[in-house]
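Q: sequence below, structure please.
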Amino acid sequence: MQLSLSAIIPRFKLNNTGKPCYRSLFTLAVAIIFFKPSFSQQRQIEADSTSNIFSVDTPALIMIRSVEVLGNKKTKTYIVEREARFKAGDTLVAATLYEKLEESRQLIYNTNLFTEVILTPRFISAKEISVTINVKERWYIYPTPQFQLSDRNFNEWIERYNADLNRVTYGIKFAHYNLSGRRDQLRVYLLNGFSRNISVTYAAPYSNRRLTEGFSVSAGFAQSRAAIYRTNSDNLPLRYSRIDRAFVRHNLYLSGSYISRKGFYKRHLFSLGFGYNKVEDSVISKYNLQYYNNGSKNYVAFPEFGYSFQYIRTNNINYPLTGKTYSVSISKRGAGFSGAVNMTSLSGSYSRYMALGRNWYHSIITLGLIKIPFKQPYFNQAAMGYNEFYLRGLENYVIDGVASALAKYTLKKKIIAFDIPVPIKNKIVPKVPFQFFAKTYADLGYSYNKSSFPTRLGNELLYSAGFGIDMLTLYDINFSFEYSFNQIGQKGLFLHARGGF
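A: Modelled structure (predicted):
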């Protein structure tokens, strides 16, 4: 059977799930069920056709006559066009048109430059279309006050230090996430309090004419009034500090990187840096002679080289529900192959996100890390308990290691979504969106450490489980409220927050 493309004209749109729906009846149904959600971060495709054009088994070809970008006041038009899977003059198979539009929508949205991306193809004739890309820009400039915890996470600050405000770092952060309109970012931190931090970072992902290469440079100086000098037998960090609250740890770093992204989903990153770390003499002489493994010296200086490969293909880079990511990284810390600083590390990750239907989703995240030689000074042994490398339910613990692996499984369901209008009328943030997901999860991990000082959780199979609620809101900022159980019989509520920038 043959279909005339120009004869299929009823309008349709695609919602956040990417599935076609009829404009009038379905929109009304969604409004009733979900309290009329028109999320500011919602991404859509609007087209002058039905989904039949995309599913029909036909070799018919469609030429893209023109591509127009609207709504970009700060962002350069060619930055938006670079992320599209098509350009003016391309000829596509009709059956792949929807796929190309959807992939382009996700790529443009995942630049983190826009709160909304809408693609509208319009049929000029049976074999020609024009595509309009309508975007709504985010607010890019953030001179914001900072309130940071010196501890590893919120729970440690509450449970171990009773929310002591003297352990807080405060100051100001200036960030511009689209400085020249080419998605280049400038960050400046001026912080004081329990820690002191002065740092500058500039990143330009599109620095050549073909928009396939980029670079970043950063420099910073940090001081802290406490230094973690050892992990005790219960896997809790032991800290050294002075009664007069003087700074006892000092760090200086300089780094630069080159980024290559010739396609859409793969990235190559080469980095070069220099670090200088120093702690007070007592940390070495009284508490841990192997802190730097540099004799009686209380400082180390070292270069660091690195290479990373990344593959990222998800519907939302900040809170993925579908797609996959994987990465491999290798780095060398120290110029030689012996001495105080000599570490070669290899790390990798693989994540898969899948939709089950009826607003159900599940995901598996795996991480691995190995450091050689296995005998490392203490400051090179950090593994589980930092950043995103932890088991849910074991956030309060530090599990050092030179070889570590982790797997996280999550099953979740989107339970409700709505918008709250902002009382003050404005074009940037007219409403604040909310989406809530109920979830259950289970984690598994292991960390090996070649150490003469055994710990409760080191060199042991680790596991935990729990349930919780995720809240996704403006600019893909998400909060996780999790009630977890771990293998040592403990349970508790944990809070995690992640930003869209």
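Q: sketch out the low-pLDDT regions of the chain for me.
A: In the predicted model of the chain, residues 1-58, 151-153, 338, 452, 500-501 satisfy pLDDT under 70.
Q: tell me, what residue is most central in it?
A: Geometric centre of the chain, nearest residue: residue 318, 5.3 Å, by C-alpha atoms, centre = their mean.
Q: tell me the secondary structure for that residue?
A: Remark: residue 318 carries the secondary structure label coil [criterion: DSSP: H, G, I helix; E, B strand; the rest coil].
Q: remind me which helix or strand residue 367 belongs to.
A: Of the helices and strands defined by DSSP states H and E, residue 367 is found in strand 360-372.
Q: list phi and psi for the residue nearest to the centre of the chain.
A: Backbone geometry at residue 318, expressed as degrees, to the nearest 10, gives phi -90, psi -30.
Q: do the one 4 residues further on as well
A: Main-chain torsions, residue 322, degrees, to the nearest 10: phi -140, psi 150.
Q: thinking again about what came up before, tell me the spacing between the nearest residue to the residue nearest to the centre of the chain once chain neighbours are set aside and residue 435.
A: On the basis of C-beta to C-beta, 6 or more residues apart in numbering, the spatially nearest residue to residue 318 that is not a chain neighbour turns out to be residue 476, at 3.7 Å. (Each C-beta comes from the backbone N, C-alpha and C, glycine too.) From residue 476 across to residue 435, the span is 10 Å (C-beta to C-beta, to the nearest Å).
Q: follow-up on the earlier one: wait, what's in contact with the residue nearest to the centre of the chain?
A: Contact partners of residue 318, counting by C-beta atoms under 8 Å, 6 or more residues apart in numbering, are 112, 476, 478, 498, 499, 500.
Q: and those, which two are the farthest apart?
A: By the measure C-beta to C-beta, 112 and 478 form the most distant pair in the contacts of residue 318, at 13.7 Å.
Q: ranges for the strands of the stretch 1-150 of the chain?
A: Assigned by DSSP state E, counting those that start in this stretch, the stretch 1-150 of the chain shows strands spanning 12-14, 20-22, 43-47, 61-70, 91-93, 114-125, 128-137, 141-149.
Q: give the next helix or strand downstream of the last one.
A: Past strand 141-149, further along toward the C-terminus, the next helix or strand under DSSP H and E is helix 154-161.
Q: need the residues that contact the strand holding residue 367.
A: Here strand 360-372 makes contact (C-beta under 8 Å, 6+ apart) with 320-322, 343-356, 380-381, 383, 388-389, 401-414, 437.
Q: ChimeraX command for the buried members of those residues?
A: For the buried members of the contacts of strand 360-372, the matching ChimeraX selection, counting by 16 or more other C-beta atoms under 10 Å, is:
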select :320,321,322,343,345,347,348,349,350,351,352,353,355,380,381,383,389,401,402,403,404,405,406,407,408,410,412,414,437
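Q: in strands only, show me the contacts of strand 360-372.
A: Among the contacts of strand 360-372, the members found in strands (DSSP state E) are 343-356, 403-414, 437.
Q: please, which helix or strand holds residue 186?
A: Secondary-structure assignment from DSSP H and E places residue 186 in strand 185-193.
Q: and the helix or strand that that strand is followed by, what does it pack against?
A: On the C-terminal side of strand 185-193, the closest following helix or strand by DSSP H and E is strand 195-204. Contact here means 3 or more C-beta pairs under 8 Å, 6 or more residues apart in numbering; DSSP states H and E; on that basis strand 195-204 packs against strand 168-176, strand 185-193, strand 213-224.
Q: give me the distance between stretch 324-333 and the centre of its chain.
A: In terms of C-alpha atoms, centre = their mean, to the nearest Å, the centre of stretch 324-333 is set 15 Å apart from its chain centre.
Q: now stretch 161-172
A: 25 Å.
Q: please identify the buried residues of it?
A: 167, 168, 169, 171.
Q: for residue 77, list the residues it contacts.
A: Going by C-beta under 8 Å, 6+ apart, residue 77 touches residue 69.
Q: all numbers from here: first residue = 433
A: Okay, using 433 as the starting number, the last item reads as residue 509.
Q: pretty sure residue 836 contacts residue 818?
A: No. No contact is recorded between residue 836 and residue 818 when judged using C-beta atoms under 8 Å, the distance being 10.9 Å.
Q: quick check: the residue nearest to residue 750 vs residue 748, distance?
A: When C-beta to C-beta is applied, the distance between residue 908 and residue 748 equals 7 Å.
Q: can you pull out the helices in the stretch 683-832 of the chain?
A: All helices of the stretch 683-832 of the chain, identified by DSSP state H, counting those that start in this stretch, fall at 713-714.
Q: list of residues touching stretch 729-741?
A: Applying C-beta under 8 Å, 6+ apart, the contact partners of stretch 729-741 are 687, 698-713, 715-716, 724, 726, 759-767, 772-773, 811.
Q: one more time with 6 Å
A: 700-711, 713, 716, 724, 726, 760-767, 772-773 (C-beta atoms under 6 Å, 6 or more residues apart in numbering).
Q: next one: stretch 662-679
A: Contact with stretch 662-679 is made by 655, 657-661, 715, 720, 829-832, 887-889, as judged by C-beta under 6 Å, 6+ apart.
Q: same thing but at 7 Å, please
A: Around stretch 662-679, the neighbours that count as contacts under C-beta atoms under 7 Å, 6 or more residues apart in numbering are 628, 655-661, 680, 714-715, 719-720, 810, 829-832, 886-889.
Q: end to end on it, go ahead and measure it.
A: The first and last residues of stretch 662-679 sit 18 Å apart, counting by C-alpha to C-alpha, to the nearest Å.
Q: tell me the secondary structure for residue 682?
A: Judged by three-state DSSP, the three-state class of residue 682 is strand.
Q: list the buried ones in stretch 734-743?
A: When burial is assessed from 16+ other C-beta under 10 Å, stretch 734-743 yields the following buried residues: 734, 736, 738, 740, 742.
Q: so the first one bridges to which residues?
A: To tie it back to what came earlier, the one meant is residue 734. Following DSSP bridges, residue 734 is listed with bridge partners residue 707.
Q: how far away is it from residue 872?
A: Separation of residue 734 from residue 872 (C-beta to C-beta): 43 Å.
Q: now swap in residue 833 and tell me
A: Distance, residue 833 to residue 872, using C-beta to C-beta: 27 Å.
Q: need phi/psi at residue 670.
A: phi -100, psi 130.
Q: burial of the closest residue to it other than its chain neighbours, as a residue count?
A: Distances taken as C-beta to C-beta, 6+ apart put residue 662 closest to residue 670, at 4.8 Å, once the chain neighbours are dropped. Look at residue 662: counted by other C-beta atoms under 10 Å, it has 18 neighbours.
Q: now residue 662: which helix or strand?
A: Using DSSP H and E, residue 662 falls within strand 659-663.
Q: thought residue 897 was touching residue 917?
A: Yes. Applying C-beta atoms under 7 Å as the test, residue 897 and residue 917 come out as touching, 5.6 Å apart.
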